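Chemist: Let me see the structure of the following:
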Amino acid sequence: MQIKALEERKAKFEKLLNEDGLNMLNEPLDEPPTLRMVKEQLGEHIANIRPELLEQEKKLYAVLDGFNWGNAYQDSIKKAAQKFAAHPDQFQQLVAIEERIAALAGAPEDSAVIEQLAQEFARTFKDIPWLADIREQQPEPNNPVERVMEEMLLSSLSPAHEKFFALLRDYLEDSEPSDR
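Modeler: Model (predicted):
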């Protein structure tokens, strides 16, 4: 998986070096390799996902793939996709919540919906035991790379989304929500 991603990057750089390469900067993003792998694992289970949500996932995975996390990252994402494929009811449950999260883009930062949705997502996340196992395999939240990644992801979000993810992190860590 990493070799393919590196080959794709190399091809992009080569294209940029060509005389028409600068026009590529205005083209839409290619589908990130990790998203492509997730789609392959989920198969027909993603057929009913709204295009806006897929576009949001595309942007998220583009940032995440840029970190070149290595095999552990790819393996945990693949494992989650396989589990979701085996448990489509749980997958659909999270997709429904993610669609509501995507809709927060235009919500005011002080909307009560943000906190309610963060609590609901945390409860749902905790109710699916294998998700917690996968989360434990992710980098520790206070390591420098994790902080940089979080800052990059948050910088592209609306204020309502920033507050949602801050609350979600707190709820998943079983602490009181912060004043963000």
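Chemist: now the residue nearest the centre of the chain: how far from Gly66?
Modeler: Closest to where the C-alpha atoms of the chain average out (Cα atoms, centre = their mean) is Leu60, at 4.7 Å. For Leu60, the distance to Gly66 (Cβ to Cβ, to the nearest Å) stands at 11 Å. Where C-beta positions appear, they are placed from N, C-alpha and C, glycine not excepted.
Chemist: again with Phe91
Modeler: Distance from Phe91 to Gly66, by Cβ to Cβ: 26 Å.
Chemist: Skip the chain neighbours and tell me the closest residue to the residue nearest to the centre of the chain.
Modeler: Using Cβ to Cβ, 6 or more residues apart in numbering and skipping residues adjacent in sequence, the residue nearest Leu60 is Leu153, 7.1 Å away.
Chemist: and the next element down the chain from the strand or helix carrying the one you found?
Modeler: Element membership of Leu153, judged by DSSP states H and E, is helix 144-155. Going down the chain from helix 144-155, the next helix or strand is helix 159-172, by DSSP H and E.
Chemist: What are the buried residues along that next one?
Modeler: In terms of neighbour count (16 or more other Cβ atoms under 10 Å), helix 159-172 has its buried residues at 160-172.
Chemist: and what of stretch 101-117?
Modeler: In stretch 101-117, counting by 16+ other Cβ under 10 Å, buried: 101, 104, 107, 114-115, 117.
Chemist: Any chance of the residues you listed in CSV with distance to Gly43 and secondary structure as columns?
Modeler: Formatted as CSV, the buried residues of stretch 101-117 follow (distance: Cβ to Cβ, whole Å; DSSP: H, G, I helix; E, B strand; the rest coil):
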residue, distance to Gly43, secondary structure
Ile101, 23, helix
Leu104, 29, helix
Ala107, 33, coil
Ile114, 33, helix
Glu115, 35, helix
Leu117, 28, helix
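Chemist: So what does the closest residue to Lys4 other than its chain neighbours have for phi and psi?
Modeler: Leaving aside its sequence neighbours, Lys4 sits nearest to Pro33 (Cβ to Cβ, 6+ apart; 6.0 Å). Here is the backbone geometry of Pro33 (degrees, to the nearest 10): phi -60, psi -40.
Chemist: Now the phi/psi pair for Leu157, please.
Modeler: phi -100, psi 160.
Chemist: show me what contacts it?
Modeler: Phe165 (Cβ atoms under 8 Å, 6 or more residues apart in numbering).
Chemist: do that again at 10 Å, thanks
Modeler: 60, 104-105, 163-165 (Cβ atoms under 10 Å, 6 or more residues apart in numbering).
Chemist: in the protein, which helix or strand is least confident?
Modeler: helix 2-17 (a mean of 66; mean pLDDT, DSSP states H and E).
Chemist: Quick check: next helix or strand after that helix?
Modeler: Trace forward from helix 2-17 with DSSP H and E and the next one is helix 33-42.
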